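**Q** coords please:
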Amino acid sequence: METLKPASAGEVAIYLPYYPASRRQNLGPALGLYKKGTLEGQRRVEGATNIPFVASWDLKSLPSDTTVCRMRFIDGDLFLDYELSLANTEFVGFLMEVATTGTTLDFPSLFYRKLLGYAV
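**A** Numbering: from 1, shown residues only. Sure thing, here's the model as predicted:
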C-alpha cells in the first residue's frame, strides 16, 4: 500500500467528537484516504481467490453529510456493481480500519454486510 498522507489537524479536529479516543489515532490516515476518493483493493474470500475491487465515493465537507460509495468487483470479464449511502462519519470509520489493514486493502466485514443489505 502506498503511504497515505494524513489529513491536516484542522480536518481531523472536525471529526474528533464522532469517535472514541481509542480510535482517533487512525483518523488522520483515514481522512487522507477519504480525500483520495478512490480505493483499489481485494476482497478476501475464505477458501477462494481474492476478488479485486475498485471503490469510489463523493467527497463531502461535513461529517454529518451522506456519502455515496460505489463498489465494482472485477472477476475476469464479469463486473458486479454496488452502491451504498451512509453517514460520512460511518464511512470514515470504515476507512480507519482500511488504513490499518496492511498490504492487502479491504473493507471490514460490517461494511460488506451493509453494502449487501444484511445490516442496518
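
**Q** quick check: mean pLDDT of stretch 51-59?
**A** What stretch 51-59 shows for mean pLDDT is 95.

**Q** most distant residue from the centre of this structure?
**A** residue 77 (24.7 Å; C-alpha atoms, centre = their mean).

**Q** how far away is the most centrally placed residue in the chain from residue 16?
**A** Residue closest to the average C-alpha location in the chain (C-alpha atoms, centre = their mean): residue 95, at 3.6 Å. Residue 95 is 15 Å from residue 16, where distance means C-beta to C-beta, to the nearest Å. Glycine gets a C-beta too; all of them are placed from N, C-alpha and C.

**Q** quickly find the element holding residue 74.
**A** Using DSSP states H and E, residue 74 sits in strand 66-75.

**Q** that strand: what's the following helix or strand?
**A** Next element after strand 66-75 (DSSP H and E): strand 78-87.

**Q** in that following strand, what counts as buried?
**A** Neighbour counts using 16 or more other C-beta atoms under 10 Å place 84, 86 of strand 78-87 among the buried residues.

**Q** what residues are up against the closest residue to residue 14 other than its chain neighbours?
**A** Leaving aside its chain neighbours, residue 14 sits nearest to residue 63 (6.0 Å; criterion: C-beta to C-beta, 6 or more residues apart in numbering). By C-beta atoms under 8 Å, 6 or more residues apart in numbering, residue 63 lies in contact with 14, 15, 18, 87, 88, 89, 92.

**Q** make sure residue 52 is indeed in a strand.
**A** Yes: under DSSP: H, G, I helix; E, B strand; the rest coil, residue 52 falls within a strand.

**Q** burial count for it?
**A** Neighbours of residue 52 under the rule other C-beta atoms under 10 Å: 13.

**Q** tell me who's in contact with it.
**A** 40, 41, 42, 43, 73, 74.
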